[in-house]
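> no sequence for this one, just the structure:
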C-alpha cells in the first residue's frame, strides 16, 4: 500500500481530515483492530438485542468499552502496580454483562487474528466465564495459575520502567520539549494559553502535588511544552494534548519532570440504565467511573474544562502501559481469557455487597446448556458479533484501505 508521509504538523483547522483518515486506516490493519475502533457498531448491536436475552445485572459503573487494549498495568500515587481497566471514555452505570460480552468479542477476534481454530474460541469463552464468576465468590482465588505471557511481560516492563526512561522519551538534545512529528502536532497560540492556565490552576496543582508522589504543596510548576497528541483509535478526532511540566525548576532531573495527558470527554454511546444517577458533565462522569472501576488510576484523575469543552487530566506514570495481545498460542489465549475476565470481575465486584455478588453470580449461570460450559446467552452474543464485525471489517477495508494513499501513523 503506498504511503504519503506526514512531513509537517497540520494546522488545528486541518486536523480532522487527517485524523479521520488515520482512524480508518488503523481500523483496517486487522479484524481485531477494527473491533477496537468500531465501538458504535457494538453499541448498536446491544440496542437492537432484546434485553430479556441477556442477564440483567446490578446497576454499577461499567467500562462500556472493555476490550483487551483497555486493560493493562496501572500504578497508583504510591507506585503500587496492578492490572486494571485503563480507559473510561464510555463508562456509564449500566449492565455489567455488556463489559463481559465486549471482552469476549475482543478475545474472540484476537484468536481469529492469531489463526487459532474455532474450538479454541469456544474454550476461551468457557474459561472467561470461569474467571469472571470467580470474582463474585468470597475467598475464591480460582488458582489462576501462571499469568499469560502478555501480562507477565507488561508487569515486568512496568516494574522496571523508570522516570528517567519516560523523561528520555520526551527530551530532544539539550532542550526539554515534546518532539513534533507524526504523533505530536503543534498547538495553537490559544490552545497553549488555555493549557497554561489549566495546569497552573489550584485543582491541577493539587493533583500534581498533593495527590501524586508526595511533592511539596508549594512546589514551583512551569509548563515547558505542549502539543496536540494523535493517540488512540475510536477517540481520534477529540481534543487530546500532551503537556510537559517542570516541577521545582529542575527539569534536568527526571523525578521533577512530568507529563500530563489532557483528553476531551464526550457523551457516552454505551447503553446505560435509564434511571441511573450519573454526573451530567462528561468529564465528571469519566472520573467518577474510573474511581469506582480502577482506584489506581481514578485517584490520579481530574475533571475540568478546556476550550469550553469538558476534559479529564491525569499525569502519565512510567508504569502505565496497555496490554498487546495480537498473536498468541492456544495456551496463552486461554490464560489471557481467564485472567482478564477475573480483572473485569474484580472491578465490578468491588462495587457490590455480598448479597448482590451472590445474586449476580446466580444470574450469570442461567441458560447454561448441558454440553457447553459457557452460558448460551454469551455464546450466541459472541457468534453473532463476530459474524457482524467480520463482514463489516471486510467492507471497511474495501472502502478505506484498497488503493488508498495513506498517511503514515
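That came through fine. None of the values given here were measured: they were computed from a predicted structure.
> Grab the longest helix from the chain for me.
helix 376-400 (DSSP state H).
> what packs against that one?
Applying 3 or more C-beta pairs under 8 Å, 6 or more residues apart in numbering; DSSP states H and E, we find helix 376-400 packed against helix 15-27, helix 31-37, helix 39-48, helix 96-113, helix 118-134. C-beta coordinates here come from the backbone N, C-alpha and C atoms, glycine included.
> what angle do that helix and helix 39-48 make?
140 degrees (axes from the mean of the first three to the mean of the last three C-alpha atoms, to 10 degrees).
> Under the pLDDT cut-off, which ranges of the stretch 51-200 of the chain? List them.
Applying pLDDT under 70 to the stretch 51-200 of the chain flags residues 138-146, 148-175.
> try 50 this time
Along the stretch 51-200 of the chain, segments meeting pLDDT under 50 span 142-143, 170-171, 173-174.
> where do the helices sit along it?
96-113, 118-134, 149-160, 163-169, 189-199 (DSSP state H, counting those that start in this stretch).
> now swap in the stretch 201-350 of the chain and tell me
With DSSP H, counting those that start in this stretch as the criterion, the stretch 201-350 of the chain has helices spanning 202-209, 282-293, 295-298, 330-349.
> right, so the helices and strands packed on helix 376-400: which one is the most enclosed?
Mean neighbour count (mean count of other C-beta atoms under 10 Å) peaks for helix 96-113 among the helices and strands packed on helix 376-400, with a mean of 25.
> same for that helix, what does it pack against?
helix 31-37, helix 39-48, strand 60-62, helix 118-134, helix 330-349, helix 376-400.
> try it again with 7 Å
helix 31-37, strand 60-62, helix 118-134, helix 330-349, helix 376-400 (3 or more C-beta pairs under 7 Å, 6 or more residues apart in numbering; DSSP states H and E).
> Next, the angle from the helix or strand following the fourth one to helix 376-400.
Using DSSP states H and E, the next helix or strand after helix 330-349 towards the C-terminus is helix 354-364. Note on geometry: by the same axes, to 10 degrees, helix 354-364 and helix 376-400 are set 70 degrees apart in direction.
> Just want the angle from helix 354-364 to helix 96-113.
Using the same axes, to 10 degrees, helix 354-364 lies at 50 degrees relative to helix 96-113.
> Off-centre distance for helix 354-364?
27 Å (C-alpha atoms, centre = their mean, to the nearest Å).
> what's the burial count for residue 298?
Applying other C-beta atoms under 10 Å, we find 23 residues neighbouring residue 298.
> What of residue 93?
Residue 93, neighbours per other C-beta under 10 Å, totals 21.
> Tell me the spacing between the closest residue to it other than its chain neighbours and residue 313.
Of all residues not flanking residue 93 in the chain, residue 276 sits nearest, at 3.6 Å (C-beta to C-beta, 6 or more residues apart in numbering). Distance check for residue 276 against residue 313: by C-beta to C-beta, to the nearest Å, it reads 25 Å.
> go on, residue 303?
8 Å.
> between these two, who's got more neighbours?
For the pair residue 303 and residue 313, the greater number of neighbours falls to residue 313 (25 against 20), based on other C-beta under 10 Å.
> got the contact list for that one?
With contacts defined as C-beta atoms under 7 Å, 6 or more residues apart in numbering, residue 313 is in contact with 204, 207, 260, 262, 301-302, 304.
> what do you get for residue 16?
Here residue 16 is in contact with residue 237 (criterion: C-beta under 7 Å, 6+ apart).
> and the gap between the nearest residue in space to residue 291 that is not next to it in sequence and residue 47?
With C-beta to C-beta, 6+ apart as the criterion, residue 291 has its nearest non-adjacent residue at 3.3 Å, and that residue is residue 298. Going from residue 298 to residue 47 by C-beta to C-beta gives 28 Å.
> for residue 359, same thing?
Using C-beta to C-beta, residue 359 is found at 25 Å from residue 47.
> same check, this time on residue 286
21 Å.
> related to what we said a few turns ago, rebuild the helices and strands packed on helix 96-113 as JSON lines, extending it with distance to residue 22.
JSON lines is the format used below for those (distance: least, C-beta to C-beta, whole Å):
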{"stretch": "helix 31-37", "distance to residue 22": "11"}
{"stretch": "strand 60-62", "distance to residue 22": "28"}
{"stretch": "helix 118-134", "distance to residue 22": "30"}
{"stretch": "helix 330-349", "distance to residue 22": "27"}
{"stretch": "helix 376-400", "distance to residue 22": "11"}
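> Of all those, which one comes closest to residue 24?
Of all these, the one in closest proximity to residue 24, counting by C-beta to C-beta, is helix 376-400 (4.0 Å).
> And for that closest one, what's in contact with it?
Contacts for helix 376-400 (C-beta under 7 Å, 6+ apart): 24-25, 27-28, 31, 34-35, 38, 41, 45, 53-55, 100-101, 104-105, 108-109, 125, 129, 367-369, 372.
> at 6 Å instead, please
Here helix 376-400 makes contact (C-beta atoms under 6 Å, 6 or more residues apart in numbering) with 24, 28, 31, 34-35, 54, 101, 104-105, 108, 367, 369.
> burial measure for the residue nearest to residue 130 when sequence neighbours are not counted, as a count.
Once flanking residues are discounted, residue 130 sits nearest to residue 338: 6.2 Å by C-beta to C-beta, 6+ apart. Other residues near residue 338 come to 22 when the count uses other C-beta under 10 Å.
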